[in-house]
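In: Give the three-dimensional model of this entry:
(one chain, ligands or ions: 1)
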Amino acid sequence: MELQKIMAHLEAKHSGENEYLQAVREVLVSIEDVYNAHPEFEKAKLIERLVEPERIIIFRVPWVDDKGEVQVNLGYRVQFNSAIGPYKGGLRFHASVNLSILKFLAFEQTFKNALTTLPMGGGKGGSDFSPRGKSDAEVMRFCQAFMNELYRYIGPEIDIPAGDIGVGGREVGYLFGQYKKLTRDWSGVLTGKGLEFGGSLIRPEATGYGGLYFVKEMLAVKGLDIKGKRVAISGFGNVAWGAAKKATEMGAKVITISGPDGYIYDEQGVSGEKIDYMLELRASGNDICSPYAERFKGAVFVPSRKPWEVKCDIALPCATQNELNGDDARCLIDNGTLCVGEISNMGCTPEAIDLFVEHQMLYAPGKAVNAGGVATSGLEMSQNATHLNWSADEVDAKLHAIMHNIHEQCVKYGTEPSGYVNYVKGANIAGFMKVAKAMMAQGVV
Ligand code: 2IT
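Out: Below is the predicted model of the structure:
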C-alpha cells in the first residue's frame, strides 16, 4: 500500500473533509503492514474500495416551526459498507453535522461493528438540525419530515438507524412512528426504541456500561483495579450517564462531567441522584451543564474549560470528536493518569493518541471501547427478528461477553514485542481483517 499516495489522492478528491480524512489515515497507518502481507488485497483494490462509501443519500428536510415559519435542514444517510451485514449506525442531529463528520462516523462504524462479532455493516446519518431549545412538537415535526424521505432507503434487512448525539428515545420513537405510518410495516427498522415497542433492556445504558467493562479489562492486564480510582468524564448525555452509573457501581469515583459551556468538578463524586439528574439536564434541551452546580452544593462549575485539567486516574471522553487534544493529553500525562477510554467517537486528536502511545499509556480507541452501544442495538435486532424480549440480565451478560471478546481481539492483534498493548492497532487490524475477508469473498461489487 502506498499510504502517502492514497492519502494525497483522497485529500485532493475530498478536500476539506478533515474528520473523514483523519479517520481514514488512522486506520490505514495501523493496517499498513498487515495489508502489505496480503498482495491479493492490493490486486483487488481493496483499500480504494473500502475508503469510499457504497452510497450517500442527501436530502432536504422542510418543516414548520411553532411560529408557523418554514425551516429547511439537510438530511443525510451514509451507507458505508455492507460486506458483513446490513448498514447499521446512528443518526446525529446537531448544528455541526456535515458530510465529513458523517463519513468519518460511518467509516469508523464499519470497523466497530465488525469488532462486535455481530453481522452488521457500517452506516451513519443525521441532520444539521439543532434540537437545542426546540419544543417537543417541533422535534416531532422535524423527525416526521426527516423520515418522509429516509424511509425509502432503510429497512430491517437493508439499513437500521439508531440514535447518536441529539437523537435519543424520544426522537427514535417519532422516527419509528412515521416509518410505520408510511410503510405499514411493523418491524425493527430502528434500534433504541422504547421498551413498550420492541426496544431492548440495557440499550440506553449499553455504551457506557460496555465502555467500563472494557476499561476494567484494560486495567486488569496491568494488574490494576478500578475500585477507588478517580474518573474524569466529559459530556452529560446518554453515554456519559451510562459510564458514570457503571463506574460508580464498580467503586470508582466520578469527579467531572461537562457540556459545551464548561465542566462540573464534584469532589464528592457524581453518584446516586446526581447521576439521575444528568437525565433531567439532558431533557431540559438547553445543552448546558452549569445548573448542576446550583443544584448540588460543593460542586464547582468551571466555565469554558475542559475536564482534562483535573487530576484523575482514568479519563473517559464521552462527548464528541476531537474533544481531547495534544495539550489535554500532556496535562493528563503530567497528572499521572493511568488509562484513557475514548467512549466518544474519535474523541482524541491524532496528536493526543501519539502522546498516549509514546508514553505507553493504557489508551483504547472509540471503535473498541464504545462498541457496546451498537452491539446492544444488534441484540435488539435479534430480539425483534425472533419476536422475543430478553431479560436485563441476559442482555447484560451478552454485552459483557462481547466487550470481553473485543478486548481479546485488541490484545491479539495489538500486542507489541515489548508487551505493550497498542489498542489502536489491535482494534483497527481486527476490524479490518473481518471486513477485508468478507469483501474479498464477495468479489468486485
Ligand atoms: O456510535 C455509535 O456506535 C452509535 N451511535 C450507536 C449506533 C447504533 O446503531 O446503535
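In: As a quick check, tell me the outermost residue of the chain.
Out: Gly68 (35.1 Å; C-alpha atoms, centre = their mean).
In: For the ligand, see how far away Leu219 is.
Out: 23 Å (C-beta to the nearest ligand atom, to the nearest Å). Where C-beta positions appear, they are placed from N, C-alpha and C, glycine not excepted.
In: May I have the secondary structure class of that residue?
Out: Under DSSP: H, G, I helix; E, B strand; the rest coil, Leu219 falls in the helix class.
In: so what's it up against?
Out: Taking C-beta atoms under 8 Å, 6 or more residues apart in numbering, we find Leu219 in contact with 225-226, 338-339, 362.
In: Please, which helix or strand holds whatever residue of the stretch 1-150 of the chain ends up closest to the ligand?
Out: The ligand sits closest to Gly90 of the stretch 1-150 of the chain, with a gap of 3.1 Å, by C-beta to the nearest ligand atom. In this structure, Gly90 sits in strand 87-93 according to DSSP states H and E.
In: packing partners for that strand?
Out: When contacts are defined as 3 or more C-beta pairs under 8 Å, 6 or more residues apart in numbering; DSSP states H and E, strand 87-93 sits against strand 70-81, helix 99-115, strand 121-127, strand 159-162, helix 169-183, helix 371-386.
In: Apart from its chain neighbours, what residue comes closest to the residue nearest the centre of the chain?
Out: Closest to where the C-alpha atoms of the chain average out (C-alpha atoms, centre = their mean) is Asn345, at 4.4 Å. In space, and not counting its chain neighbours, Asn345 is closest to Gly366: 4.6 Å by C-beta to C-beta, 6 or more residues apart in numbering.
In: Measure how buried that neighbour is and give me the count.
Out: For Gly366, the neighbour count with other C-beta atoms under 10 Å is 23.
In: can you pull the pLDDT of it?
Out: Reported pLDDT at Gly366 in the predicted model: 98.
In: tell me the contacts of it?
Out: By C-beta under 8 Å, 6+ apart, the neighbours of Gly366 are 108, 112, 342-347.
In: Cross-check those residues against the ligand and keep the overlap.
Out: Counting by C-beta under 6 Å from any ligand atom, Asn345 from the contacts of Gly366 sit close to the ligand.
In: any chance of the contacts of Gly366 in CSV, with pLDDT and distance to His387 too?
Out: Listed next are those as CSV, based on pLDDT from 0 to 100; distance: C-beta to C-beta, whole Å:
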residue, pLDDT, distance to His387
Glu108, 98, 32
Lys112, 98, 27
Glu342, 98, 36
Ile343, 98, 32
Ser344, 98, 34
Asn345, 98, 32
Met346, 98, 36
Gly347, 98, 37
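In: of the contacts of Gly366, buried ones?
Out: By neighbour count, with 16 or more other C-beta atoms under 10 Å, the contacts of Gly366 hold 108, 112, 342-347 as buried.
In: check which helix or strand covers Tyr255.
Out: Let me fix one detail, which is that residue 255 is Ile and not Tyr. Counting by DSSP H and E, Ile255 is found in strand 253-259.
In: Indicate which one of the helices and strands packed on strand 87-93 is closest to Ile406.
Out: Closest to Ile406 of these is helix 99-115 (C-beta to C-beta; 4.9 Å).
In: Check which helices and strands that closest one is in contact with.
Out: Counting contacts by 3+ C-beta pairs under 8 Å, 6+ apart, helix 99-115 is packed against helix 18-36, strand 55-64, strand 70-81, strand 87-93, strand 121-127, helix 366-369, helix 371-386, helix 423-441.
In: between the first one and strand 70-81, how big is the angle?
Out: So that's helix 18-36. 0 degrees (axes from the mean of the first three to the mean of the last three C-alpha atoms, to 10 degrees).
In: residue of the stretch 251-400 of the chain with the smallest distance to the ligand?
Out: Nearest to the ligand in the stretch 251-400 of the chain, going by C-beta to the nearest ligand atom, is Ser377, at a distance of 3.3 Å.
In: confidence score at the residue lying closest to that residue once chain neighbours are set aside?
Out: Using C-beta to C-beta, 6+ apart and skipping the chain neighbours, the partner closest in space to Ser377 is Thr191 (3.7 Å). The per-residue pLDDT reported for Thr191 equals 98.
In: what about Thr191, distance to Ala232?
Out: Look at Thr191 and Ala232: by C-beta to C-beta, to the nearest Å, they are 29 Å apart.
In: ok so, going back, what helices or strands is the strand holding Ile255 leaning on?
Out: By 3+ C-beta pairs under 8 Å, 6+ apart, strand 253-259 packs against strand 230-233, helix 238-249, strand 262-265.
In: That strand pairs with which strands, and in what direction?
Out: Using DSSP bridges, strand 253-259 pairs in its sheet with strand 230-233 (parallel), strand 262-265 (antiparallel).
In: possible to save these as JSON lines with mean pLDDT and mean neighbour count?
Out: Formatted as JSON lines, those follow (pLDDT from 0 to 100; neighbours: other C-beta atoms under 10 Å):
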{"stretch": "strand 230-233", "mean pLDDT": "98", "mean neighbour count": "26"}
{"stretch": "strand 262-265", "mean pLDDT": "98", "mean neighbour count": "24"}
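In: Turn those strands into a markdown table, including distance to the ligand.
Out: Below are the strands paired with strand 253-259 laid out as a markdown table (distance: least, C-beta to the nearest ligand atom, whole Å):
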| stretch | distance to the ligand |
| --- | --- |
| strand 230-233 | 17 |
| strand 262-265 | 22 |
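In: want to try a markdown table for those, with distance to Lys434 as columns?
Out: Converted to a markdown table, these look like this (distance: least, C-beta to C-beta, whole Å):
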| stretch | distance to Lys434 |
| --- | --- |
| strand 230-233 | 31 |
| strand 262-265 | 37 |
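In: Helices along the stretch 251-400 of the chain, start to end?
Out: In the stretch 251-400 of the chain, the helices defined using DSSP state H, counting those that start in this stretch lie at 273-283, 291-295, 326-334, 350-358, 366-369, 371-386, 392-414.
In: Get me the contact residues on the stretch 201-350 of the chain for the ligand.
Out: So far as C-beta under 6 Å from any ligand atom goes, the stretch 201-350 of the chain lies against the ligand at Asn345.
In: low pLDDT regions in the stretch 201-350 of the chain?
Out: In the prediction, the stretch 201-350 of the chain carries no residues with pLDDT under 70.
In: re the thing from before, in which helix or strand would I find the residue farthest from the centre of the chain?
Out: Secondary structure assignment for Gly68, by DSSP H and E: no helix or strand.
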